[in-house]
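Engineer: Got a predicted structure here, sequence first:
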Amino acid sequence: MNKIKLLFFATIRDRAGTKTLELDIPFDLTIQGLKDKLSKDYPNLKESMKSVLITINREYAFDEAVVPANAEVALFPPVSGG
Amino acid sequence: MNKIKLLFFATIRDRAGTKTLELDIPFDLTIQGLKDKLSKDYPNLKESMKSVLITINREYAFDEAVVPANAEVALFPPVSGG
Amino acid sequence: MQPSYVPTIFFITESEIDLNDLLGQITQTSTGAAAIFTGMVRGVTSRDNPHETEYLEYEAYIPMAEEKMKQVADEIHERWPVIEGIAIVQRIGRLYPKTPTVLIACTAAHRDTGVFDAARYGIDRLKEIVPVWKKEISPTGELWIEGDYIPKPGE
Amino acid sequence: MQPSYVPTIFFITESEIDLNDLLGQITQTSTGAAAIFTGMVRGVTSRDNPHETEYLEYEAYIPMAEEKMKQVADEIHERWPVIEGIAIVQRIGRLYPKTPTVLIACTAAHRDTGVFDAARYGIDRLKEIVPVWKKEISPTGELWIEGDYIPKPGE
């Protein structure tokens, strides 16, 4: 299994109830697969998965991308800095 | 006679050799007349009178304007601040 | 002519943003002009949904935010090669009305070189791709403010 | 909506230009954005007539300069009624390379209100009508720098 680190920010962190999560996932899991898994395992996050932005190792990632080994994966809403 | 105060700045001051000058002029003298008078009385200023900017009481003034009583008249080249 | 050395500053901070210091750091001997944008916390907002704000609570995904700020600086430099220095600073934490929260500054030899457009581009891009969020605390409650930009692949 | 009170600052000074202080003075509770322009003395100029500068000696017709700076502020406010604060400062005296010599800052509620254009307009107008001149001292001698704008009646 591929051990990855999840980081949650803003509304997503509030709903997850935690800032970080370590997760074991299959090596061929895509971002879409990860979203499905989180929706299933963490019902609080299900609604958020529709508009969430996701990064892999600090670069924006999209549904088809496969999560690489030991990835740092962050989930957050559209940014609102400034 | 109308007693006015002249102020010179930048290149004009360098050529005039003074910062200020008190002058007695006729009450109907125009800016054009003033320029002609200065060109005649101060040969060093003659060349400068072609491109000089002139203000009367801190507002830009033009050839036909009559110099009012006790005016503060400034003469200077196009501005270059910033 | 592209300057040989381009001072580029980008960081997330919890401290006050010092405009004098940042401007000094991106001024070179060849620099004659700087365009600076700063954003502040509004205590009173009239447009769209009029409301009052007690304070904003900013947070950032710091290492990624700093990488994306560098990317914004790189994009500016690519679009306006004459830019001589770039500073991008985002303050986080609890910030009260009238406090500067963000700064984008660009320097160039002359003011007609796109230096204003470069600063404008910088703040627009920061608000699109730099992972920073703010929660608004008003007399009536708390509200996370969400942007509406969805980054494209490669951004 | 036009703000009821518009802080307007304009002065000639021989002291350092303090961006932090000036920005604070033109920030209101409703302010969310500031565009600031500063000009500096270039030690090295590449464009047009390449040369080096040891320092610039600025002088002003001070009372008229301050009146004309106020006029520039009035013109900005007339063209961009949403501007919430304006600062226009010109430093004079002997100024060395890298030193900020002039500042124009405009504030507004939001950044898409013309606040960048207002600052750009301000510096352009200052260089047209505010009576300030500079003499350049370079390794090869002294030279008064002259502008090329001839004000029209009423300006």
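Structural biologist: Thanks, I have the structure now. Residues are numbered from 1 along each chain as shown, chains lettered A, B, ... in the order given.
Engineer: Please, where are all the strands along the chain?
Structural biologist: Defaulting to chain A. Applying DSSP state E to chain A gives strands spanning A:2-8, A:20-25, A:53-56, A:59-61, A:72-76.
Engineer: The intended chain is chain C.
Structural biologist: C:8-13, C:33-40, C:44-45, C:51-52, C:55-60, C:85-91, C:93-95, C:100-108, C:132-138, C:141-145.
Engineer: Quick one: closest of those strands to B:V73.
Structural biologist: Of all the strands of chain C, it is strand C:33-40 that lies closest to B:V73, at 34.1 Å by CB to CB. Placement of C-beta: from N, CA and C, glycine included.
Engineer: dump the residue contacts of the closest residue to A:L34 other than its chain neighbours.
Structural biologist: For A:L34, ignoring the flanking residues on the chain, the nearest one in space by CB to CB, 6 or more residues apart in numbering or on different chains is A:V67 at 6.0 Å. Listed by CB atoms under 8 Å, 6 or more residues apart in numbering or on different chains, the contact set of A:V67 reads A:N2, A:I4, A:I25, A:L29, A:T30, A:I31, A:L34, A:I56, A:V73.
Engineer: again, only this time at 10 Å
Structural biologist: Applying CB atoms under 10 Å, 6 or more residues apart in numbering or on different chains to A:V67 gives the contacts A:2, A:4, A:23, A:25-31, A:33-34, A:54, A:56-57, A:61, A:73.
Engineer: what about it, distance to A:I4?
Structural biologist: To A:I4, A:V67 is 6 Å away according to CB to CB, to the nearest Å.
Engineer: Give me the common contacts of the two.
Structural biologist: A:L23, A:I25, A:L29, A:L34, A:I56, A:V73.
Engineer: Dihedrals phi and psi, the closest residue to the third one other than its chain neighbours?
Structural biologist: I take that to be A:L29. With sequence-adjacent residues excluded and distances taken as CB to CB, 6+ apart, A:L29 is closest to A:V67, at 5.4 Å. When read as degrees, to the nearest 10, the backbone of A:V67 gives phi -70, psi 120.
Engineer: Kindly list the longest helix within the chain.
Structural biologist: Using chain A here. helix A:31-41 (DSSP state H).
Engineer: Wait, chain C was what I had in mind.
Structural biologist: Longest helix in chain C by number of residues (criterion: DSSP H): helix C:62-79.
Engineer: Tell me the buried residues in that one?
Structural biologist: Residues of helix C:62-79 classed as buried by neighbour count (16 or more other CB atoms under 10 Å in any protein chain shown): C:64-73, C:75-77.
Engineer: export the residues you listed to TSV and tack on distance to C:I26 and pLDDT?
Structural biologist: Formatted as TSV, the buried residues of helix C:62-79 follow (distance: CB to CB, whole Å; pLDDT from 0 to 100):
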residue	distance to C:I26	pLDDT
C:M64	23	98
C:A65	20	98
C:E66	17	98
C:E67	20	98
C:K68	19	98
C:M69	14	98
C:K70	14	98
C:Q71	18	98
C:V72	14	98
C:A73	11	98
C:E75	17	98
C:I76	12	98
C:H77	12	96
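Engineer: Do I have it right that C:E146 meets A:V79?
Structural biologist: Yes - at 8.4 Å, C:E146 counts as touching A:V79 under the criterion of CB atoms under 10 Å.
Engineer: Need the overlap of contacts for those two.
Structural biologist: With CB under 10 Å, 6+ apart as the test, C:E146 and A:V79 both reach A:A10, C:W133, C:K134.
Engineer: need the contact list for the second one.
Structural biologist: The neighbourhood of C:W133, defined by CB under 10 Å, 6+ apart, consists of A:9-13, A:76-81, C:56-61, C:92, C:144-147.
Engineer: Which among those count as buried?
Structural biologist: Applying 16+ other CB under 10 Å to these flags A:9-13, A:76-81, C:56, C:58-61, C:92, C:145, C:147 as buried.
Engineer: which residues sit in contact with C:I86?
Structural biologist: C:6-10, C:26, C:69-70, C:72-74, C:76-77, C:80, C:104-107, C:118-119, C:122.
Engineer: swap in C:V44?
Structural biologist: Counting by CB under 10 Å, 6+ apart, C:V44 has contacts C:P50, C:H51, C:E52, C:T53, C:P97, D:Q28, D:T29, D:S30, D:T31, D:G32, D:A109.
Engineer: Would you mind measuring from the fifth one to D:K134?
Structural biologist: When you say that, I think you mean C:P97. Distance from C:P97 to D:K134, counting by CB to CB: 39 Å.
Engineer: In terms of packing, which of those two has more residues around it?
Structural biologist: D:K134 (25 against 20; other CB atoms under 10 Å in any protein chain shown).
Engineer: Much appreciated, bye for now.
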